[in-house]
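Engineer: Structure here, sequence nowhere to be found:
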């Protein structure tokens, strides 16, 4: 989720300025994308099935799933990113592509086998708003359908600060201290690489929020493991042998509570009750 009705102006400005449509194609984000796809494929039903990609930006995961044979409906709150997705969809790969708010979806009850929310849960900084988005996900899922929601680790900015030596900037230290204390990330600086308004989850809290929405079998996975912290993560991901090492360690650590939070992103997977 990026911008739209009642969305924080800082978030709207960030996605107007930041090249979100190309983010997953370089650097450590290559590891994030590969692992997110791996986890979704491991758990989701095989195509053909219907996917609602809520907050899917310009369609990085929508187009991938559509090419695998899923019927994909893309929703994002940023008109610019939806326009970019529509421009890219020259072959009409997507079933639909529209602007919308994760908290109030213009989508039918029990219409999806899979719901992705790979952004809204960290840009909705109030618990009540996340609860609305999760309730909407539960509403539009078919009984037994799968929900996948990405959140940012509570410790992501502290680890990023070490990896990129950001503590040389005292403004970053202030940002990180609030992140650790409250999970509320705010960036009053001009630096896009300090990200934008977001909520940073503890793993157990993300699971609890999904279960409070009536979803069951909720579990959480560390997405990247420690590999995102290497300055040459992108180079490693472009080398099949070294990529294999990054992916293998991420898999081995994905469900270990003691180290899950070392991942920058975490993936909540849960199901709507079958009846």
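Structural biologist: Everything's here; your move. Note that the structure is a prediction, hence the values are computed from the model and not measured. Numbers count the residues shown, from 1 in each chain.
Engineer: What separation is there between residue 202 and residue 131?
Structural biologist: Computed as Cβ to Cβ, to the nearest Å, the residue 202 to residue 131 distance reads 17 Å. Every C-beta, even on glycine, is put in place using the N, C-alpha and C of the backbone.
Engineer: Over to residue 196?
Structural biologist: Separation of residue 196 from residue 131 (Cβ to Cβ) stands at 22 Å.
Engineer: between those two, who's got more neighbours?
Structural biologist: Taking other Cβ atoms under 10 Å, residue 196 and residue 131 do not tie; residue 196 has more neighbours (19 against 15).
Engineer: In space, what's closest to the more buried one - neighbours in sequence excluded?
Structural biologist: Once flanking residues are discounted, residue 196 sits nearest to residue 14: 3.6 Å by Cβ to Cβ, 6 or more residues apart in numbering.
Engineer: ok, now which ones touch that neighbour?
Structural biologist: 2, 192, 195, 196, 197 (Cβ atoms under 8 Å, 6 or more residues apart in numbering).
Engineer: any idea which of these has the most stuff around it?
Structural biologist: residue 2 (26 neighbours).
Engineer: Just the buried residues of stretch 123-143, please?
Structural biologist: Neighbour-count burial for stretch 123-143, counted by 16 or more other Cβ atoms under 10 Å, picks out 123-125, 129-130, 132-134, 136-142.
Engineer: Of those residues, which pair is most distant in space?
Structural biologist: Pairwise distances across those (Cβ to Cβ) peak at 29.7 Å, for the pair 125 and 142.
Engineer: ok, back up a step: so how far is residue 123 from the residue nearest to residue 196?
Structural biologist: From residue 14 to residue 123 the distance is 9 Å (Cβ to Cβ).
Engineer: repeat for residue 81
Structural biologist: 13 Å.
Engineer: same question, residue 246
Structural biologist: For residue 246, the distance to residue 123 equals 27 Å [Cβ to Cβ].
Engineer: Repeat that for residue 59.
Structural biologist: Taking Cβ to Cβ as the measure, residue 59 falls 18 Å from residue 123.
Engineer: any low-confidence regions in the protein?
Structural biologist: Where the chain drops to pLDDT under 70, the residues are 1-7.
Engineer: at 80 instead, please
Structural biologist: 1-8, 275 (pLDDT under 80).
Engineer: For the most centrally placed residue in it, which non-adjacent residue is closest in space?
Structural biologist: The chain has residue 118 as the residue nearest its centroid, 2.7 Å off, counting by Cα atoms, centre = their mean. Spatial nearest neighbour of residue 118, chain neighbours left out: residue 150 (4.2 Å); criterion: Cβ to Cβ, 6+ apart.
Engineer: list the contacts for the one you found?
Structural biologist: Taking Cβ under 8 Å, 6+ apart as the test, what residue 150 contacts is 36, 117, 118, 119, 121, 122, 223, 265, 266, 267, 268.
Engineer: Give me the distance between the fourth one and residue 210.
Structural biologist: Same thing as residue 119. From residue 119 across to residue 210, the span is 16 Å (Cβ to Cβ).
Engineer: Please apply the same query to the last one.
Structural biologist: Here the distance between residue 268 and residue 210 works out to 5 Å (Cβ to Cβ).
Engineer: Please identify every residue contacting each of those two.
Structural biologist: Shared contacts of residue 268 and residue 210, defined by Cβ under 8 Å, 6+ apart, comprise 147, 149, 218.
Engineer: Relative to residue 18, which of the contacts of residue 150 is nearest.
Structural biologist: Each of the contacts of residue 150 was checked against residue 18 using Cβ to Cβ; the closest is residue 119, at 12.5 Å.
Engineer: And the closest one, its phi and psi?
Structural biologist: Residue 119 adopts backbone torsions of phi -170, psi -40, taken as degrees, to the nearest 10.
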